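[1] here's my sequence, what's the structure:
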Amino acid sequence: MTRVAGQREEAARPAATAADRARRDRRRRRVRGAVGGAALYAALGAAALAFLLPYYLILRNGLATQEEITSPDWTPLPADPQWGNVTALFAADSPMLTGLANSLVVAVLQTGGQLLVCSMAGYALARIPYRHSGAVFGTIVATLMIPAAVTFVPTFVMVSSLGWVSSLRGLIVPGLFSGFTAFLFRQYFLTFPRELEDAARVDGLGHWGTYWRVVVPNTLQFFAAIGVITFIGSWNAFLWPLVIAQDSSSWTVQIVLSTYVTAQTLDLPELFAAAAVSVLPLLLMFLFLQRYIVRGAVESGIKG
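    All right, here's what the predicted structure looks like:
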């Protein structure tokens with residue numbers, strides 16, 4: 001009986017040892033997962049702080065005095081917040097309201113124009129058979145390799161000859177088409193299901209009807225992604241508005257910001273306050289539409 005019991009114990013010992021090893025492995029995996037998760041959240045927290053730091057500095061300096069900004073004795077918050085720096089931006093003689101309104105008009109119209117024109121061009125290149133479509137697409141791609149500085153002077157001469165200097169037309173029209181945006185739409189439409197288009201043609205729709213009634217409603221998320229990116233780029237544009245908007249009535253918000261730092265004046269509090277006001281629309285757009293920006297980065301032009 002003793003010998004039988006010993007044999008049973010020896011037979012059960014390997015099974016118990018294997019179970020212990022399995023438990024230890026599971027415990028180690030849980031510990032590694034917890035450590036990895038903590039490290040991931042720590043990295044994300046550090047990245048979030050680094051992302052928010054410039055906005056904190058803008059807000060802090062926008063509510064500070066000139067002396068507090070330039071003082072070597074740093075304080076996290078101004079002793080007496082100067083809310084007058086913000087209200088002064090919207091005084092009757094301040095160009096800030098005009099700059100915000102002009103930037104909004106230019107950004108909205110350029111975004112809408114690019115979405116319409118470039119999406120039609122991209123759909124035509126992707127779906128409409130044409131003998132020279134390859135050459136046209138190659139020409140559009142070739143324009144992406146030309147530095148913007150090369151086309152800057154010819155574009156200015158053309159706009160000036162049309163009498164559009166110091167006007168919103170001169171700011172908006174040159175930005176209504178983008179070869180890069182057309183390229184992105186073309187690459188995306190190549191992945192669009194052809195079955196939906198074939199069904200539309202069976203129902204009697206042509207290329208325009210298929211594009212407008214089938215393709216566009218089923219690709220609104222991609223349109224939104226490209227629209228957000230285009231709006232941000234148009235809102236932040238500086239060099240072209242600086243040359244075209246020679247009158248204060250056509251200044252955009254970025255030009256207004258540059259007026260606070262000149263060779264004669266250096267108004268840092270109002271500069272930071274104006275920067276906080278100007279970046280607020282973009283910050284709100286990013287917070288509410290960030291998933292579209294990510295989708296645009298994932299789905300734009302990488303496939304197809």
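[2] what stretches of the stretch 1-150 of the chain score poorly on pLDDT?
    By pLDDT under 70, the weakly predicted segments of the stretch 1-150 of the chain are 1-16, 18.
[3] so which residues of it form helices?
    All helices of the stretch 1-150 of the chain, identified by DSSP state H, counting those that start in this stretch, fall at 2-62, 66-70, 84-87, 96-127, 133-143, 148-161.
[4] to residue 217, which of those lies closest?
    Between residue 217 and the helices of the stretch 1-150 of the chain, the shortest gap by C-beta to C-beta is with helix 96-127, which sits at 12.5 Å. Heads up, the C-betas are built off the backbone N, CA and C, glycines and all.
[5] helix 133-143 and that closest one, what's the angle between them?
    Counting by axes from the mean of the first three to the mean of the last three C-alpha atoms, to 10 degrees, helix 96-127 lies at 150 degrees to helix 133-143.
[6] report the distance from helix 96-127 to the chain centre.
    In this view, helix 96-127 has its centroid 14 Å away from the chain centroid, taken as C-alpha atoms, centre = their mean, to the nearest Å.
[7] run through the neighbouring helices and strands of that helix.
    Secondary-structure packing of helix 96-127 (3 or more C-beta pairs under 8 Å, 6 or more residues apart in numbering; DSSP states H and E): helix 133-143, helix 168-172, helix 179-189, helix 207-210, helix 220-235, helix 253-258, helix 268-299.
[8] can you redo those as JSON lines with distance to residue 196 and mean neighbour count?
    Shown next, in JSON lines, are the helices and strands packed on helix 96-127 (distance: least, C-beta to C-beta, whole Å; neighbours: other C-beta atoms under 10 Å):
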{"stretch": "helix 133-143", "distance to residue 196": "21", "mean neighbour count": "13"}
{"stretch": "helix 168-172", "distance to residue 196": "34", "mean neighbour count": "20"}
{"stretch": "helix 179-189", "distance to residue 196": "12", "mean neighbour count": "22"}
{"stretch": "helix 207-210", "distance to residue 196": "8", "mean neighbour count": "15"}
{"stretch": "helix 220-235", "distance to residue 196": "14", "mean neighbour count": "20"}
{"stretch": "helix 253-258", "distance to residue 196": "41", "mean neighbour count": "21"}
{"stretch": "helix 268-299", "distance to residue 196": "17", "mean neighbour count": "17"}
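[9] what's the closest of the ones you listed to residue 48?
    When the helices and strands packed on helix 96-127 are compared by C-beta to C-beta, helix 268-299 sits nearest residue 48, at 12.5 Å.
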